[in-house]
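Colleague: here is my input; please provide its structure:
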Amino acid sequence: MGRIVFFILCLLISAVGFSAEQGRIRVVGIHDPITPVTASFLHRNLQEASRDGDRMLLIELDTPGGLDTAMRSIVQDIFASPVPVAVFVAPAGARAASAGAIIALSADVCAMSPGTNIGAAHPVSIGEKPDKVMEAKIVNDAEAYVEGIARKRGRDEALARQMVRDSISLSAEKALAGRVIDLMATDRSDLLRQLDGRRINRDGRELVLKLAGAAVVPAEMGMRERILNAISNPNVAYVLLMIGMLGLFFELSNPGVILPGAIGGISLILAFFAFQTLPVNYAGVLLILLALILFIAEIKIVSHGMLTVGGVIAMVLGSLLLFESPEPYLRVSWSVILVTVVATVGFFVFAVRKVLQAHRNQPTTGREGLVGEVGVADGELTPAGGKVFVRGEYWDAWSEEPVTAGEQVVVDAVEGMRLRVRKAGTRD
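Modeller: Numbering: from 1, shown residues only. Purely as a prediction, here's the structure:
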């Protein structure tokens, strides 16, 4: 019995040792603009790769670019990583543009799939356009930054500078010929086959990549990261802002409803979080707020549609100015603006119509609600007075013409606690 237990323990130890020897290759996919959420996601995976002793971390990249601060954070994490990092621009049709190009250059190994491109890393200012001196400073800083990265990784410094200075973009074939990237691969399997046994230089020491037999493990964003990444989309942030403002308006208009206020508050908080990762122009926010105020004023003040027209103009201008960036992925799409503006205006136009109808309708309660009601004379009714039965109640009443008991009467006016009536069917 003891020998059997010993044999089983040996097998378990051997299996654990084999698993540790086999190792893992962690694969991180980046297929969206570079944002602080992307930087946080990659930072977490680099830490976990170092803790778990992964053989390599592979970034599969397809991005139009992103924020400079997030890009620099990622580059710093890649340089500080004890685990080798490879960037693979894939699949065919993908790109590593702007911030993505600089991230690719910073990797230990940079590879591209045929039909992809890299470059166009000229810095783009967000918000107000800087003057020529400031713009020159920004470009010079970015150029020196990418030159240092290329020198550290042994890549062509002149082409790297041109990506920033002249915003050039290279195909995979030209990037390989110009020593901007290290190799080309058709897919992930082809890339890993070529990398196995490859020697790379890491901080002055040579390292051999041993990838044969290593398990390929894709890394996925957690629920928190997926939510934060989704709301960082300009279209989603814009819709959240509108929902938040409308929700708070409903709550303030009808205190105690609670649900619109809760939804509005949550939406505004999420929108303001997203604004941290987006080029927000707060003049746009103020214009949207002004539009809502004008729509509300239209309900309170009859302006024959002038306030609504002003609100539509303010909302459209505010929506266009909300995210001020020359990059399409950092702006709200026209279709989202159109649907949101039409839906908001449609709602307030509907509300204005209902308010006007309510004003035009005859009152149905109180003293004013009695005028026009039909009742029955309870007895003889003369100019001196008598009794009528109206709306389930007996009232003192009088009529300019005699009315016999049981005849129908119509209320013409309420005078104190008496009703002035006339025979039904006669005009006042």
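Colleague: same question for Pro91, what's its three-state structure.
Modeller: Assigned with DSSP: H, G, I helix; E, B strand; the rest coil, Pro91 falls in the coil class.
Colleague: how about it, what does it touch?
Modeller: With contact taken as C-beta atoms under 8 Å, 6 or more residues apart in numbering, Pro91 is in contact with 62, 113, 116, 187. Quick note: C-beta positions are derived from backbone N, CA and C, even for glycine.
Colleague: ok, the first one - how many residues close by?
Modeller: Using other C-beta atoms under 10 Å, Asp62 is surrounded by 20 other residues.
Colleague: and it, how far from Pro36?
Modeller: Taking C-beta to C-beta, to the nearest Å as the criterion, Asp62 is separated from Pro36 by 19 Å.
Colleague: can I assume Leu419 is in contact with Ala413?
Modeller: Yes: contact status for Leu419 versus Ala413: in contact at 7.4 Å, counting by C-beta atoms under 8 Å.
Colleague: which of those two has more neighbours?
Modeller: Of the pair Leu419 and Ala413, Leu419 is the one with more neighbours under other C-beta under 10 Å, namely 23 against 12.
Colleague: who does that one bridge with?
Modeller: Leu419 has these beta-bridge partners by DSSP bridges: Ala397, Val414.
Colleague: residue contacts, it?
Modeller: Contact partners of Leu419, counting by C-beta under 8 Å, 6+ apart, are 370, 388, 390, 395-398, 411, 413.
Colleague: lowest-confidence one in the residues you listed?
Modeller: Within the set of the contacts of Leu419, pLDDT is lowest for Leu370 (74).
Colleague: tell me, how many residues neighbour it?
Modeller: So Leu370, with other C-beta under 10 Å, has 20 neighbours.
Colleague: could you shift the numbering so residue one becomes 661, and keep it that way?
Modeller: Taking 661 as the first residue, the last one we looked at is Leu1030.
Colleague: which ones are touching it?
Modeller: 1050-1051, 1071, 1074, 1079.
Colleague: ok, now how distant is it from Val1069?
Modeller: Leu1030 is 12 Å from Val1069, by C-beta to C-beta.
Colleague: with Glu803 instead?
Modeller: To Val1069, Glu803 is 94 Å away according to C-beta to C-beta.
Colleague: which SSE is immediately downstream of the lowest-mean-pLDDT helix or strand in the chain?
Modeller: Every helix and strand in the chain was compared by mean pLDDT, DSSP states H and E; the lowest is helix 662-682, with a mean of 47. Under the assignment DSSP states H and E, the closest C-terminal helix or strand after helix 662-682 is strand 684-690.
Colleague: which neighbouring elements make contact with that next one?
Modeller: helix 696-712, strand 716-721, strand 875-879 (3 or more C-beta pairs under 8 Å, 6 or more residues apart in numbering; DSSP states H and E).
Colleague: immediately after the shortest one, which helix or strand?
Modeller: Under the assignment DSSP H and E, the closest C-terminal helix or strand after strand 875-879 is helix 883-891.
Colleague: can you point out the buried residues in the helix or strand just after that next one?
Modeller: Sequence order places helix 894-913 as the next helix or strand after helix 883-891, per DSSP H and E. Residues 894, 896-909, 911 are the ones in helix 894-913 that count as buried (16 or more other C-beta atoms under 10 Å).
Colleague: what of stretch 980-1000?
Modeller: Across stretch 980-1000, burial judged by 16+ other C-beta under 10 Å covers 980-985, 987, 990-992, 996-997, 1000.
Colleague: please flag which of those residues sit within helices.
Modeller: 980-981, 996-997, 1000 (DSSP state H).
Colleague: still on that earlier bit, closest to Ala934 among the buried residues of stretch 980-1000?
Modeller: Phe983 (10.0 Å; C-beta to C-beta).
Colleague: contact partners for the closest one?
Modeller: The neighbours of Phe983, taking C-beta under 8 Å, 6+ apart as the test, are 894, 897-898, 938-941, 944, 990-992.
Colleague: mind running it again at 7 Å?
Modeller: 894, 938-941, 990-992 (C-beta atoms under 7 Å, 6 or more residues apart in numbering).
Colleague: for Leu888, same thing?
Modeller: The contact partners of Leu888, by C-beta under 7 Å, 6+ apart, come to Val697.
Colleague: let's see 8 Å
Modeller: Leu888 makes contact with 697, 933, according to C-beta under 8 Å, 6+ apart.
Colleague: coming back round to it: now list the buried members of the contacts of Leu1030.
Modeller: 1050, 1071, 1074, 1079.
Colleague: can I get these in JSON lines with distance to Asn889?
Modeller: Below are these laid out as JSON lines (distance: C-beta to C-beta, whole Å):
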{"residue": "Val1050", "distance to Asn889": "67"}
{"residue": "Val1071", "distance to Asn889": "67"}
{"residue": "Val1074", "distance to Asn889": "66"}
{"residue": "Leu1079", "distance to Asn889": "70"}
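Colleague: with respect to Leu950, which of those residues is nearest?
Modeller: Leu950 lies nearest to Val1074 out of these, by C-beta to C-beta, at 44.2 Å.
Colleague: that closest one touches Val1031, doesn't it?
Modeller: Yes: at 6.8 Å, Val1074 counts as touching Val1031 under the criterion of C-beta under 8 Å.
Colleague: would you map the helices across the stretch 711-860 of the chain?
Modeller: According to DSSP state H, counting those that start in this stretch, the stretch 711-860 of the chain carries its helices in the segments 728-740, 759-766, 792-813, 817-825, 832-837, 848-855.
Colleague: quick one: buried residues of the shortest one?
Modeller: Yep, that's helix 832-837 we're talking about. Residues 832, 834-836 are the ones in helix 832-837 that count as buried (16+ other C-beta under 10 Å).
Colleague: next one: stretch 687-702
Modeller: Buried, per 16+ other C-beta under 10 Å, within stretch 687-702: 687-690, 692-702.
Colleague: now that stretch, how far from the centre of its chain.
Modeller: Centroid displacement of stretch 687-702 relative to its chain, using C-alpha atoms, centre = their mean, to the nearest Å, is 16 Å.
Colleague: how far does that stretch stretch from start to finish?
Modeller: 10 Å (C-alpha to C-alpha, to the nearest Å).
Colleague: nearest to Arg815, of the contacts of Leu1030?
Modeller: The nearest one, if we look at those relative to Arg815 and count by C-beta to C-beta, is Arg1051, at 90.9 Å.
Colleague: next, count neighbours for the nearest residue to that closest one once chain neighbours are set aside.
Modeller: Spatially, and ignoring its direct neighbours in sequence, Arg1051 is nearest to Glu1033 (5.7 Å; C-beta to C-beta, 6 or more residues apart in numbering). Residue neighbour count, defined by other C-beta under 10 Å, stands at 15 for Glu1033.
Colleague: cool, thanks, signing off.
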